[in-house]
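S.K.: Please find the sequence and the predicted model below.
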Amino acid sequence: GQSKKYLDPEYINAYSLQHSKGIYEGQRATTEEKRVVNLTRSAFSGQQRYGAITWSGDTAAKWDTLRKQIPAGLNFVATGVPYWTSDIGAFFTAKKEQWFWGGDYNDGCEDPAYRELYLRW
């Protein structure tokens, strides 16, 4: 019978590296006059050489989320990939039906408590 082929675990997450490389090389082929910047939510070692900035993804507006973003960012850059960022103030401010809408501020910017979180972020 046919044998199944599996991806080598060493390269499973390298998609982000190759994707960043493709964007970088494609832009450079168009012009050398502009810097390449690629904001991505996935990462692989070495992709910073291709102008990739890793972003933590859409986050919920909560103090606990901010508290977790700080060590996440510090740990990320400690791996040697220096370009990391997060959504300042979070993306999902309200709590809604969908699981990802987990913010604590249903009135968003109209809520003075959210403004305080945003300022501290």
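M.R.: Cool, got the structure. Numbers count the residues shown, from 1 in each chain.

S.K.: Surely Val81 and Tyr50 touch.
M.R.: No. Look at Val81 against Tyr50 with C-beta atoms under 8 Å: they stay out of range, at 11.2 Å. For the C-beta atoms, the positions are set from N, CA and C on the backbone; glycine is no exception.

S.K.: all helices in this structure, in order from the N-terminus.
M.R.: According to DSSP state H, the chain carries its helices in the segments 15-30, 63-78, 112-120.

S.K.: tell me which residues of the shortest one are tucked away?
M.R.: Right, the one you point to is helix 112-120. Neighbour-count burial for helix 112-120, counted by 16 or more other C-beta atoms under 10 Å, picks out Tyr114, Leu117, Tyr118.

S.K.: before we move on, the earlier item: any chance of the helices of the chain in CSV, plus distance to Trp101 and mean pLDDT?
M.R.: Output for these, formatted as CSV (distance: least, C-beta to C-beta, whole Å; pLDDT from 0 to 100):
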stretch, distance to Trp101, mean pLDDT
helix 15-30, 26, 94
helix 63-78, 13, 94
helix 112-120, 14, 96
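
S.K.: Could you say which one of the ones you listed comes nearest to Ser56?
M.R.: With C-beta to C-beta, the closest approach to Ser56 among the helices of the chain belongs to helix 63-78: 6.1 Å.
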